[in-house]
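J.: I would like the atomic coordinates for the input below:
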Amino acid sequence: MKKDLFFGREAYLEILKKRINGLKENYRQNIAIIGEESIGKTSLLFKLLDSLCDNQIILLYLEARPQSIDAFAKRFIGVLLYSFLGNSGIPLKEDLDYLIKKSQRYAPGTVEKIREILKELQKRKKNNILSELFSLCEIIHAETSKSCVVIIDEFQNLESMELSGLYREWSKILLLQKNTMYIITSSRKAKARGILAKDLSLLFGNFEVICMEAFDIKESSRYLERRLQGLKLEPVLSSFIVHFTGGWPLYLELISEALQKQNNPDLADALECMLFNSSGLLHQKFSLKLKAYAELKNSNDYISILYLVASGRNKIKDIAHLLRKTRTELSQRVNQLLETDALFRNADFLKINDRVFGFWLNSVHQEKLQSLTFDTRNQKIKFRDSIEEAIKEFRLSTQRPLGQRLQELLWLFEDELLQSERKKIRLNHFREIKPLEFQNLRLKNGLIGRSQDGLWVMGFKQGRLNEEDITEFARECKKYRHKQQKNIIVTLNDIDANTRLKALEEKVWAWDINKLNQILDLFSKPWVIA
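T.: Reported below is the predicted structural model:
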């Protein structure tokens, strides 16, 4: 997202500001923000830089990129001095010699240390260079009483500098520094978690991990309402955009911009320009993403797995059969894709993290590969058909009652395992599923499903779920007395902590709209938007 379109990330911003204020009160808490690429991490950092104005804080923002230690060191020093001089009223230039000269008067000890570091770099001596650089923050604090907040965007790219013992050296710094706070981000979720759990796991100076998620349904809907104000777009199409994008800010923004530029908003036209046309921004983005896998050993296996998952054939056992791989061989390939965050795994299921990328892979890339001619006109027609079919399926699903949609979902279960809140659930293959009416005022309708050795009782709550609803539902479920019974209550609202605790006590699974949509996703069914 553009930094002037900051939206829906206020809670994250408040956490950062609160931690920075804590630094001034001698409470230092480092933060790691991890989340998918294009989920809004950099937008959040830019908003922090724009909104925080405090003479006692020096904010350093550095995007970690593949570069030499020399280049990184000079950039770090330049950003430190530029930020330090920012409130001094001195005209500033993005020139390192100029900044060093202007800082001499106000922080002579810091400047002396900087000159030592630069001399060492000229001699190609790079031992402990990271410690030397980061120590500048404590030196400038001793001279000026200003505390530093060092922000490193995509911190794992520091590895490109090939410093021996990078994280070991950094860990020592984190233990010693009391007046410097670090905010780091990463789009490599699996890799970042591994580093934070092992290499940067400390007793003191540890990182608070914030997992940045996509917008939820309400935030996505509010965003579209604001951006598409005045456009004559059917409400069901706005809901489809939320489902299609999964709430990823970048995709919501790009689709909104494309629709705003049209005289008569046409969603299929907008998606065609971005995804199908070779000059489209998302077409180019996804082509580069796929190229990275094409350059790996066993590339055909990786791309085939991605394609199968994107097309809805996402069960481990089915993929192994289709690719004629043993489970061990398949696991090796899948683990590589999990480590690069291309996929996520839920027990027996795989899904592509980036929903729009998955659609492009299935409806654009694979169609072009399978085409017998270079007739782009015919390929474009097929792409338009796939868009229209997806919209039609979504439109029809919104017209069906929740009970009917859940019944259709349950019929798809084939004894797979599903991970839910640290527990694995067996999705029983049902031989009978029937509507259920409850004899009380709180719950009206539900479903009962019978499998060979199990029983599911489901209840639907219109409106917000509370503790009394759980108690009443549990009482109704006791009438069935089956040894292998699962009791599930479904609501399209958020569920508060007390209600969840009550559900745990009563051995009831409480599914909110997010949990329901996660399961619908695993079976390639449209989201419920409420």
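
J.: Residue 97 is in what secondary structure piece?
T.: Secondary structure from DSSP states H and E places residue 97 in helix 96-103.

J.: So which bits of that helix are buried?
T.: With burial defined by 16 or more other CB atoms under 10 Å, the residues of helix 96-103 counted as buried are 96, 98, 99, 100, 102, 103. No exception for glycine: its C-beta is placed from N, CA and C like everyone else's.

J.: Quick one: mean pLDDT for that helix?
T.: Average pLDDT, helix 96-103: 96.

J.: so what does that helix touch, helix or strand wise?
T.: helix 69-85, helix 108-122 (3 or more CB pairs under 8 Å, 6 or more residues apart in numbering; DSSP states H and E).

J.: okay, the angle between the last one and helix 96-103?
T.: Between the direction of helix 108-122 and that of helix 96-103, the angle (axes from the mean of the first three to the mean of the last three CA atoms, to 10 degrees) works out to 160 degrees.

J.: residues in contact with helix 108-122?
T.: The contact list for helix 108-122 (CB atoms under 8 Å, 6 or more residues apart in numbering) reads 69-70, 73-74, 77, 81, 100, 103-104, 126, 129, 132-133, 135-136, 139-140, 142-143.

J.: How about the longest one?
T.: Contact with helix 69-85 is made by 58-62, 64, 92, 94, 96, 99-100, 102-103, 106-107, 114, 117-118, 121, 126, 129, 133, 136-137, 140, 144, 146, 148, 158, 161, 163, as judged by CB under 8 Å, 6+ apart.

J.: what are the C-alpha coordinates of it, in PDB please?
T.: Written as PDB, here are the backbone C-alpha positions of helix 69-85 (Å, rounded to 0.1, in the frame of the first residue of the first chain):
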ATOM      1  CA  ILE A  69      29.200  -4.700   4.200                       C
ATOM      2  CA  ASP A  70      31.000  -1.500   3.100                       C
ATOM      3  CA  ALA A  71      27.800  -0.300   1.400                       C
ATOM      4  CA  PHE A  72      25.600  -1.200   4.300                       C
ATOM      5  CA  ALA A  73      28.000   0.400   6.800                       C
ATOM      6  CA  LYS A  74      28.000   3.700   4.900                       C
ATOM      7  CA  ARG A  75      24.200   3.600   4.600                       C
ATOM      8  CA  PHE A  76      23.800   2.900   8.300                       C
ATOM      9  CA  ILE A  77      26.100   5.800   9.300                       C
ATOM     10  CA  GLY A  78      24.400   8.100   6.800                       C
ATOM     11  CA  VAL A  79      20.900   7.300   8.000                       C
ATOM     12  CA  LEU A  80      22.000   7.700  11.700                       C
ATOM     13  CA  LEU A  81      23.500  11.100  11.200                       C
ATOM     14  CA  TYR A  82      20.700  12.300   8.900                       C
ATOM     15  CA  SER A  83      18.100  11.400  11.400                       C
ATOM     16  CA  PHE A  84      20.100  12.800  14.300                       C
ATOM     17  CA  LEU A  85      20.500  16.200  12.500                       C
END
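
J.: Can you give me the buried ones in it?
T.: 69, 72-85.

J.: any idea where the strands of the stretch 401-530 of the chain begin and end?
T.: 416-420, 423-427, 430-437, 445-451, 455-461, 485-491, 509-511 (DSSP state E, counting those that start in this stretch).

J.: Walk me through which strands the fifth one pairs with, and which way each runs.
T.: Paired neighbours of strand 455-461 in the sheet (DSSP bridges): strand 445-451 (antiparallel), strand 485-491 (parallel).

J.: orientation of that strand relative to strand 423-427 in degrees?
T.: Using the same axes, to 10 degrees: strand 455-461 against strand 423-427 is 100 degrees.
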